[in-house]
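K.L.:
Pasting the sequence and the predicted coordinates here, then a few questions.
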Amino acid sequence: MHLYRSWGSRLFDTLNYVLMFLIASVTVIPFLLNVTGSFASPEEALHKNFILIPEHFSLEAYRYIFSTNIIPRSLLVTIFITIAGTVINIVLTSLMAFPLATKRLRLRRPIMLMVIFSMLFSGGMIPTYLVIKSLGLLNTYGALLLPSAISAFYLIILKNFFMQLPDELEDSARIDGCNDLQTLFRIVIPLSMPAIATLTLFYAVGHWNTFFNALLYINDSAKFPIQVWLRTIVILSQTGIGDSANSFEGAIPPGKTIQMSVIVVSTLPILVVYPFLQKHFAKGVLLGSVKE
């Protein structure tokens, strides 16, 4: 049986489809142009601003960026920072969110006020730099992992998610002899995988895209993540230096295709991971957003 639909309803659906297609195009086309431009010859990339389909297919840009260990090494550094940082984030956020979600914790509200205060005010760049320097973390990966170990916003989301779990689950776990850590890792976290998966991707994307902290705290170029090199290449491309006879690490880059190929290489891994966690987004964020 077909339900009758008025012309206004069908017109509304059509306009929605057109609007969603335009929005999707705005987000997809720039990346698509980077992908196709990275496979264009250097001469074609220099003389054309937009390359939808390359006239001369070329892998010269990818051969160049992988001809030295600069980009592969920085990519491995970024992967390490992303994996290690995300593990630290999820473990510490869970360990702090679980006690804050239990009503039997004393001083729970003052602690939450301090957490919210940290969302509104921070020490600032210079005091943070001095703290990291005094701890001996300069030019180490710890400077990229420890200052952002817990996000106050994500902590509140996970705490609210934990609070929606039935109290009877924790009571039954205690009757079975579980302590707090066993209750967290055996009962609470398995039931909170939508929220954990959502925060995992949010944390991972944040670590993958970070470059400012590396510029502040890392002096050794061998420890630079790929985003720092990408920033350098983009700046050189915008100033025209990359298209001249100047060198990048002792070699002449083949024009704008270097910039496009590095963008593709730095974006592709996180795009591969995204579809596996996307299904958890709506459920995880919405369930964790209910107020206490």
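P.N.:
Nice, I can see it. Residues are numbered from 1 along each chain as shown.
K.L.:
low-scoring pLDDT stretches of this structure, where are they?
P.N.:
Within the chain, the ranges that satisfy pLDDT under 70 run 1-4, 237-255, 277-292.
K.L.:
Give me the phi and psi for Ser151.
P.N.:
Note on Ser151: its backbone torsions stand at phi -90, psi 130 [degrees, to the nearest 10].
K.L.:
And Thr257, how far from Phe224?
P.N.:
Computed with Cβ to Cβ, to the nearest Å, the distance linking Thr257 and Phe224 is 21 Å. Placement of C-beta: from N, CA and C, glycine included.
K.L.:
out of these two, which sits in the busier spot?
P.N.:
Neighbour comparison, Thr257 and Phe224: the larger count goes to Thr257, with 29 against 21 (by other Cβ atoms under 10 Å).
K.L.:
Could you look up the SS state of the more buried one?
P.N.:
helix (DSSP: H, G, I helix; E, B strand; the rest coil).
K.L.:
host element of the closest residue to it other than its chain neighbours?
P.N.:
Leaving aside its chain neighbours, Thr257 sits nearest to Ala61 (3.7 Å; criterion: Cβ to Cβ, 6 or more residues apart in numbering). According to DSSP states H and E, Ala61 maps onto helix 60-65.
K.L.:
Check which residues of that helix are buried.
P.N.:
If you call a residue buried by 16 or more other Cβ atoms under 10 Å, then helix 60-65 has these buried ones: 60-62, 64-65.
K.L.:
packing partners for the host helix or strand of Met114?
P.N.:
Assigned by DSSP H and E, Met114 falls within helix 108-120. Judged by 3 or more Cβ pairs under 8 Å, 6 or more residues apart in numbering; DSSP states H and E, helix 108-120 is in contact with helix 70-101, helix 152-163.
K.L.:
That helix: how far from the chain's middle?
P.N.:
On the basis of Cα atoms, centre = their mean, to the nearest Å, helix 108-120 sits 25 Å off its chain's mean C-alpha point.
K.L.:
just the angle between that helix and helix 152-163, please?
P.N.:
Here the directions of helix 108-120 and helix 152-163 differ by 150 degrees (axes from the mean of the first three to the mean of the last three Cα atoms, to 10 degrees).
K.L.:
Which helix or strand lies directly C-terminal to helix 108-120?
P.N.:
Remark: after helix 108-120, the chain's next helix or strand is helix 125-134, criterion DSSP H and E.
K.L.:
What are the buried residues along that next one?
P.N.:
Neighbour counts using 16+ other Cβ under 10 Å place 128, 132 of helix 125-134 among the buried residues.
K.L.:
Could I have the CA atoms of it written out in PDB?
P.N.:
Taking Å, rounded to 0.1, in the frame of the first residue of the first chain, the C-alpha atoms of helix 125-134 are listed here in PDB:
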ATOM      1  CA  MET A 125      51.000  28.900  26.500                       C
ATOM      2  CA  ILE A 126      54.000  30.400  28.300                       C
ATOM      3  CA  PRO A 127      53.200  28.900  31.800                       C
ATOM      4  CA  THR A 128      52.500  25.500  30.200                       C
ATOM      5  CA  TYR A 129      55.800  25.700  28.400                       C
ATOM      6  CA  LEU A 130      57.600  26.500  31.600                       C
ATOM      7  CA  VAL A 131      55.900  23.600  33.400                       C
ATOM      8  CA  ILE A 132      56.800  21.100  30.600                       C
ATOM      9  CA  LYS A 133      60.400  22.500  30.600                       C
ATOM     10  CA  SER A 134      60.700  22.100  34.400                       C
END
